[in-house]
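A.B. asks: Here is the input, now give the coordinates:
(one chain, ligands or ions: 1)
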Amino acid sequence: MSERRRFLLTEDQIPTTWFNVKPHLDVPPPAPLHPGTGQPIGPDDLAPLFPMGLILQEVTQEPTVDIPGDVLDVYKIWRPTPLVRAINLEKALDTPARIYYKYEGTSPVGSHKPNTAVPQAYYNKLEGRLRLTTETGAGQWGSSLAMACAHFGQTCDVWMVKVSYHQKPGRRVLMNSFGASVRPSPSDETEAGRKVLAMDPDSPGSLGIAISEAVEAAAKDPGASYSLGSVLDHVILHQTVVGQELEQQLAMAGVEPDILIGCVGGGSNFAGFAFPFIPLKKKSRPDLRLVAVEPAACPSITKGAYAYDFGDLVGLTPLLKMHTLGSQYVPPPVHAGGLRYHAMAPLVSAAVAEGLVEAQAYHQTEVFEAAMLFTKTEGILPAPESSHAVKGAVVEALRAKEEGRSKTIIFNLSGHGYFDTSSYEAYLSGKLEDYAYPEAEIAAAMAQLPQV
Ligand SMILES: *Cc1c(COP(=O)(O)O)cnc(C)c1O
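C.D. replies: Residues are numbered from 1 along each chain as shown. Predicted coordinates for the structure are as follows:
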């Protein structure tokens, strides 16, 4: 008998609450600090940038938060997403491991990011904030927020990291199609951008710079909010629809997970996928491994410090305690643009510090090699970001083979790569290079960590 391949839920099985990991952590992340005074900040300090609905979610200690009906209605456009057994990949690796992937690439823009873009636009709309500013790396987040703003009738202004703006014109056009305005960052529209351009006119940009620009633009406009696609607690909260669906699908498949793997840029897809399993890990499955995979060129967990740092380059954001390479660090232009962030979500960092989450780092050519194997066997071209999770799954499946043990490996395929073909072209024509671990640059950025 052939093995079952796809595990599908129905619309009425979309979770109706988001899962809050905070009550499950022994040491939740300490309070954010004001960038000027260094004192803990309260909800009012964040009000110029975010609507109160999201600020309250940022600080809540409640174990669950209800998902509004209007948000569920939009989720239904693409949720629930499938869980798929990667049988052909298993065969190609000749592994006793069973490999499954949760596929978030079925959303309208091809990634997990609309899971938070939709509620963020919604809560802003409720409070009359009709303009949203944001940054985007590869364009996944920008297109997600552009889609959500189009749905709720809001204006969307996007600062796109310059290297990606040129590498990935397709995403820019998609954002424009939703009605958003997009400019390359650093731009001359903000003080932050002008400052960077004055120092380095050829700056490839980074998420840290683009965040400074989008935050500045929102802070100067009372009708605007800033919107962040990762890192913050409310973003991770929204992404937990992924892991909660997965719990139901695993029950349906009758399997117990041994290893859950996700790629990490700011940490939101990994956390949304893996955090709902933390109660299980703590209660009865201490051997369950939650593995975060990052690029070797931007190794915030594996090489960073766990310290208070700014979320952006210029130092406009609150100070957050997180694994960081230093906010002055501008990662090399690896093709997984969505993973080029100097730090890690405070909640993921706290889970690492508590020993609940482990991390691995890989170079981009080995990551693309794993992606090509996945494409040939399973038929989907993964996003370069998601390919880090594919690589992590391949490594674990080969280890299981070496050890002669069957393991159940599940990874989050956070998005497809059909807008990233220029990256694959570079790989296929042998032009993709690995960046040596940028030791000197990171040491210089770490030396400038704020003294708290
Ligand atoms: C943005 C993005 C990521 C990285 O962001 P996280 O917050 O770490 O999830 C990963 N995969 C895809 C497809 C993305 O678009």
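A.B. asks: quick check, Leu320 in a strand?
C.D. replies: Yes - using DSSP: H, G, I helix; E, B strand; the rest coil, the assignment for Leu320 is a strand.
A.B. asks: got the contact list for it?
C.D. replies: Applying C-beta atoms under 8 Å, 6 or more residues apart in numbering to Leu320 gives the contacts Pro29, Pro32, Val231, Tyr308, Asp309, Gly311, Ala343, Pro346. For glycine as for every other residue, the C-beta is placed from the backbone atoms N, C-alpha and C.
A.B. asks: and it, what are its bridge partners?
C.D. replies: Note on Leu320: beta-bridge partners Asp309, judged by DSSP bridges.
A.B. asks: quick check, distance from stretch 437-444 to the centre of its chain.
C.D. replies: 23 Å (C-alpha atoms, centre = their mean, to the nearest Å).
A.B. asks: Leaving out sequence neighbours, find the closest residue to whichever residue of the stretch 1-150 of the chain sits closest to the ligand.
C.D. replies: Distances between the stretch 1-150 of the chain and the ligand by C-beta to the nearest ligand atom are smallest at Gln140, namely 3.0 Å. Among residues not flanking Gln140 along the chain, Ser111 sits closest, at 4.6 Å (C-beta to C-beta, 6 or more residues apart in numbering).
A.B. asks: Wait, that neighbour touches Tyr103, no?
C.D. replies: No - counting by C-beta atoms under 8 Å, Ser111 stays clear of Tyr103, with 10.5 Å between them.
A.B. asks: Which one's more surrounded, these two?
C.D. replies: More crowded of Ser111 and Tyr103, by other C-beta atoms under 10 Å: Ser111, with 29 against 22.
A.B. asks: If the residue nearest to Gln140 is in a bridge, with which residues?
C.D. replies: Bridge pairing for Ser111 - DSSP bridges - gives Gly415.
A.B. asks: Please name the residues that touch it.
C.D. replies: Ser111 neighbours (C-beta under 8 Å, 6+ apart): Glu104, Gly105, Gln140, Ser144, Asn269, Ala383, Ser414, Gly415, His416.
A.B. asks: pLDDT score assigned to it?
C.D. replies: Note for Ser111: predicted pLDDT of 98.
A.B. asks: and if you look at Ala436?
C.D. replies: pLDDT at Ala436 comes out at 79.
A.B. asks: for stretch 216-225, the distance to its chain's centre please.
C.D. replies: On C-alpha atoms, centre = their mean, the centre of stretch 216-225 falls 24 Å from the chain's centre.
A.B. asks: Can you tell me what sits against it?
C.D. replies: Against stretch 216-225 from outside (C-beta under 8 Å, 6+ apart): 48-51, 124, 128-133, 157, 159, 189-192, 226, 314, 316.
A.B. asks: How many residues are close by the residue in the stretch 351-452 of the chain that the ligand sits nearest to?
C.D. replies: In the stretch 351-452 of the chain, the residue that lies nearest the ligand is Gly415 (2.8 Å; C-beta to the nearest ligand atom). Gly415 has 31 neighbouring residues, counting by other C-beta under 10 Å.
A.B. asks: Please name the residues that touch it.
C.D. replies: Gly415 neighbours (C-beta under 8 Å, 6+ apart): Glu104, Gly105, Gly110, Ser111, His112, Lys113, Gln140, Pro382, Ala383, Glu385, Ser386.
A.B. asks: Can you tell me the number of residues neighbouring the last one?
C.D. replies: Right, Ser386. 35.
A.B. asks: Number the residues from 582 up from this point.
C.D. replies: Will do, 582 is the new start, and the previous item becomes Ser967.
A.B. asks: Can you tell me the closest non-neighbouring residue to it?
C.D. replies: Ser995 (4.5 Å).
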